[in-house]
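*Asks:* Generate a structure from the sequence data that follows.
(one chain, ligands or ions: 2)
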Amino acid sequence: MGYPVWHVVFGPQLLIAVIAVVHVFISQFAVGGGLFLVLYEGHAARHNDLPLREWLERYTGFFAFLTLCFGATTGVGIWFTISLISPGATETLIHIFLWVWAIEWLFFLVEVVSIIVYLKTWNTISSRSHRAIGWIYFVSAYLSLVAINGILSFQLTPGRWLKSGSLADAYFNPGFVSTTLVRSSIAVVLAGLYALTAVSFSKDRILRREVASYAGRWVWIGAVLLLASGYYAYFSLPGNTRALFTIFPSLHLPLGVFLVADTLLFIFGIVVGLRRYITLNKGFAILMLVAGFCVVGAFEFTREDLRKPYLINGYLYANHIRVSAQKECRDKGLLKSSPFLPDVEITPINQSAVGKAIFNAACSSCHSVRVGLHAIAPKLVGLDEAYLSKFVFNSDLTRYRMPPFPGTAEEAAAVASYLVYLSPPGAPGASGKDIWKRRCAQCHDLYGAFRPVGESFKGLDTGEAEEIIDSLNTLDERMPPWTGTAKQSTALASYLVSGKEGAR
Ligand code: HEC
Ligand code: HEC
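*Replies:* Ligands and ions are numbered 1, 2, ... in the order given. From the prediction side, this is the model:
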């Protein structure tokens, strides 16, 4: 709460996601590609393969250009965006990991210098010394991956650090080893994929086959390692985090993309790697690169999604409120707790305006307003102020894994009045199922794993079900009151008593 909010029209999360995935896609290649270069250079030297050596020299130019120009700039871009979008989390991470970050930058410096030297000395020093420089590059690049992964994995699985506060516990957190292995495997896959793509543009057919068969092996072996390490990473998650996969089917999509893309890479890798007589073409190489991008994106997305509603699991919420400060905010009110919000009395006249300010502070880290990722306005059709007041105040109960509302019920009502002002005209569908989806499915499955209520309506007649619906907030005062019309209540009641299995 100690920082003002930076507004990103289309949603801050989208901005971070795009920059981060592009960065990871290049920087993990920077690691694997380094190993690929030195090993293959050794191979070319042993076999006295001059065309291959010449290709490797040209490829080093591409490699250095891509990793230095785009890898490094997107890395700096991440720093700029996270420190503007999540200053609280950035500050916390710097406080905990200052020395790890300093070491990481040192590795990075060695990386930058050594790749430039490696690029410039292909024909000026002995092959042995040249490869030694390549090894210096690879080792420093790999260590910078290891260094940064301690910090990234910490955000999802801070483990014992939550109690001890020690750097060692934070760095060697429960997810550290497994995700380091995942990233290492991705680096191997990407090394193969980029080389395949680069060589597919070569006019020399013999060279193309030779490199394809070597690089294809990197892809399929990497894909196998990735599957194994991904499996290990899944099982090294704490039980309650792993349970999210059961409760929230939405997490199956990125997991599915990951598995399908990884399997495709395995097959493609074997096809171009083992069958020397297949000539690689550009389209196929680019298709494989896209599959690689999907694997990387799906892994990062799953990791981020599992962490919701936290930036640092169990410590800092996505709205930048510390878990330890949440209760005080809720008791005292956000207006009184934040130095960047006006400390005013909420009145009917200023209610919406104050609601907007609170929304910006407490919700805009995930929600954009009209367009973009998780744009809020389109979601509000047909919802009224009384419903929204309760909904916002208890937003942590929903399936969207939002943080608890960091303010008083009165402040939640102010946000609700702003949301009603934003809500576009129109009416939601009139069927029982539509109404269920609009007003209940946010917090309940009918028969699934998420707070199911289907059983409560089994065997009732419509009248009895309607009675329950009309008195919802006496069942549990955290539930929004029923504010729909009598007709909607009848439609919902008959949908609920019909007991459709599997419906949501
Ligand atoms: C951790 C990120 C996060 C934060 C912070 C957050 N939300 Fe959400 N919220 C979501 C997601 C994800 C959804 C699912 C809908 C979507 O994808 O847009 C959602 C959905 C909603 C919905 C729509 C529910 C429906 O009926 O479809 C409302 C209303 C809402 N949020 C209000 C708020 C308010 C008000 C705040 C601030 C007090 C807030 N949210 C903070 C992530 C967040
Ligand atoms: C903001 C979240 C929220 C919304 C929206 C919501 N509920 Fe609930 N509901 C709860 C909570 C919390 C409980 C308490 C039970 C629990 O925690 O499992 C509950 C309990 C219930 C119960 C009693 C639980 C039981 O033992 O079966 C019924 C019935 C119910 N809800 C029906 C509905 C219906 C119907 C709607 C839509 C009109 C609805 N709820 C909307 C949060 C919500």
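*Asks:* Got the phi and psi for the nearest residue to I148 once chain neighbours are set aside?
*Replies:* Among residues not flanking I148 along the chain, E104 sits closest, at 5.6 Å (CB to CB, 6 or more residues apart in numbering). Every residue, glycine included, has its C-beta placed from N, CA and C. Main-chain torsions, E104, degrees, to the nearest 10: phi -60, psi -40.
*Asks:* pLDDT score for E104?
*Replies:* Per-residue confidence at E104 stands at 94 (pLDDT).
*Asks:* okay, now it: neighbour count?
*Replies:* E104 is flanked by 19 other residues according to other CB atoms under 10 Å.
*Asks:* Would you confirm that it contacts Y142?
*Replies:* No - no contact is recorded between E104 and Y142 when judged using CB atoms under 8 Å, the distance being 11.9 Å.
*Asks:* Domain map for the protein?
*Replies:* 12-317, 323-422, 432-498 (automatic domain parsing).
*Asks:* could I get the ones you listed as a markdown table with distance to G2?
*Replies:* Formatted as a markdown table, the domains of the chain follow (distance: least, CB to CB, whole Å):
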| stretch | distance to G2 |
| --- | --- |
| domain 12-317 | 7 |
| domain 323-422 | 7 |
| domain 432-498 | 29 |
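*Asks:* Go through those and name the closest to ligand 2.
*Replies:* Using CB to the nearest ligand atom as the measure, domain 432-498 is the one of these that comes nearest ligand 2, at 2.8 Å.
*Asks:* just how off-centre is that closest one within its chain?
*Replies:* How far domain 432-498 lies from its chain's middle: 33 Å, per CA atoms, centre = their mean, to the nearest Å.
*Asks:* now stretch 245-264
*Replies:* Distance, centroid of stretch 245-264 to centroid of chain: 13 Å (CA atoms, centre = their mean).
*Asks:* Show the pLDDT at I278.
*Replies:* Among the per-residue scores, I278 shows a pLDDT of 68.
*Asks:* mind listing what the closest residue to Y310 other than its chain neighbours touches?
*Replies:* Take Y310 and drop its neighbours on the chain: the residue closest to it by CB to CB, 6+ apart is Y317, 5.8 Å away. Under the criterion of CB atoms under 8 Å, 6 or more residues apart in numbering, the neighbours of Y317 are P309, Y310, L311, V323, Q326, P403, P404, P406.
*Asks:* Mark which of those residues are part of helices, please.
*Replies:* Counting by DSSP state H, the part of these found in helices is V323, Q326.
*Asks:* Quick one, which of the contacts of Y317 are buried?
*Replies:* Under a neighbour-count criterion of 16 or more other CB atoms under 10 Å, the subset of these counted as buried comprises P309, Y310, L311, V323, Q326, P403, P404, P406.
*Asks:* shouldn't the third one be in contact with L152?
*Replies:* Right, L311. No - using CB under 8 Å, L311 and L152 do not qualify as a contacting pair, with a distance of 11.9 Å.
*Asks:* can you list the residues of this protein near ligand 2?
*Replies:* Counting by CB under 6 Å from any ligand atom, the chain comes close to ligand 2 at 391, 394, 397-398, 439-440, 442-444, 451, 453, 456, 468-469, 472, 475-476, 478-480, 482.
*Asks:* can you narrow these to ones near ligand 1?
*Replies:* Here is what survives when the residues of the chain next to ligand 2 are matched to ligand 1 using CB under 6 Å from any ligand atom: Q442.
*Asks:* Any of the residues of the chain next to ligand 2 buried? List them.
*Replies:* When the residues of the chain next to ligand 2 are checked against 16+ other CB under 10 Å, the ones flagged as buried are 391, 394, 397, 439-440, 442-444, 453, 468-469, 472, 479-480, 482.
*Asks:* ok, those vs A215, which is closest?
*Replies:* Q442 (47.7 Å; CB to CB).
*Asks:* Tell me the confidence at that closest one?
*Replies:* According to the predicted model, the pLDDT of Q442 comes to 94.
*Asks:* do the same with F70
*Replies:* According to the per-residue confidence, F70 scores 91 in pLDDT.
*Asks:* Give the closest residue to it in space, chain neighbours not counted.
*Replies:* With CB to CB, 6+ apart, the residue lying closest to F70 is I26, at 5.3 Å.
*Asks:* From what I see, the one you found and L68 are in contact.
*Replies:* No - here I26 lies out of contact with L68, judged by CB under 8 Å, at a distance of 10.0 Å.
*Asks:* Which one's more surrounded, the two?
*Replies:* Taking other CB under 10 Å, I26 and L68 do not tie; I26 has more neighbours (23 against 17).
*Asks:* what about S164, how many residues close to it?
*Replies:* Residues near S164, counting by other CB under 10 Å, number 11.
*Asks:* What backbone torsions are found at it?
*Replies:* When quoted as degrees, to the nearest 10, the phi and psi of S164 stand at phi -90, psi -30.
*Asks:* so what's the closest residue to R478 other than its chain neighbours up against?
*Replies:* Take R478 and drop its neighbours on the chain: the residue closest to it by CB to CB, 6+ apart is N394, 4.7 Å away. Under the criterion of CB under 8 Å, 6+ apart, the contact list for N394 reads F405, R478, M479, P480.
*Asks:* where in the stretch 151-300 of the chain is pLDDT low?
*Replies:* Residue ranges of the stretch 151-300 of the chain with pLDDT under 70: 275-278.
*Asks:* Helices along that one, start to end?
*Replies:* Applying DSSP state H, counting those that start in this stretch to the stretch 151-300 of the chain gives helices spanning 161-164, 167-171, 176-200, 205-235, 239-242, 244-247, 252-274, 282-307.
*Asks:* now the ones you listed in a markdown table, with distance to V22?
*Replies:* Below are the helices of the stretch 151-300 of the chain laid out as a markdown table (distance: least, CB to CB, whole Å):
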| stretch | distance to V22 |
| --- | --- |
| helix 161-164 | 30 |
| helix 167-171 | 26 |
| helix 176-200 | 13 |
| helix 205-235 | 20 |
| helix 239-242 | 27 |
| helix 244-247 | 27 |
| helix 252-274 | 17 |
| helix 282-307 | 9 |
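*Asks:* Tell me if I346 really is in a strand.
*Replies:* No - according to DSSP: H, G, I helix; E, B strand; the rest coil, I346 belongs to no strand; its state is coil.
*Asks:* Would you check that it makes contact with V415?
*Replies:* No - with contacts defined as CB under 8 Å, I346 does not count as touching V415, sitting 10.6 Å away.
*Asks:* Looking at the two, which is more packed in?
*Replies:* In this comparison of I346 against V415, neighbours counted by other CB under 10 Å, the higher total goes to V415 at 28 against 19.
*Asks:* What mean pLDDT does the helix or strand where the more buried one lies get?
*Replies:* Secondary structure from DSSP states H and E places V415 in helix 409-422. Model confidence over helix 409-422, given as mean pLDDT, is 97.
*Asks:* State the distance from V219 to ligand 1.
*Replies:* As judged by CB to the nearest ligand atom, to the nearest Å, V219 and ligand 1 stand 34 Å apart.
*Asks:* Give me the neighbour count for that residue.
*Replies:* Neighbours of V219 using other CB under 10 Å come to 30.
*Asks:* element containing F391?
*Replies:* Applying DSSP H and E, one finds F391 within helix 385-393.
*Asks:* Residues contacting that helix, please?
*Replies:* By CB under 8 Å, 6+ apart, the list of residues contacting helix 385-393 reads 380, 383, 398, 405, 409, 412-413, 415-417, 419-420, 439, 442, 473, 478-481, 483.
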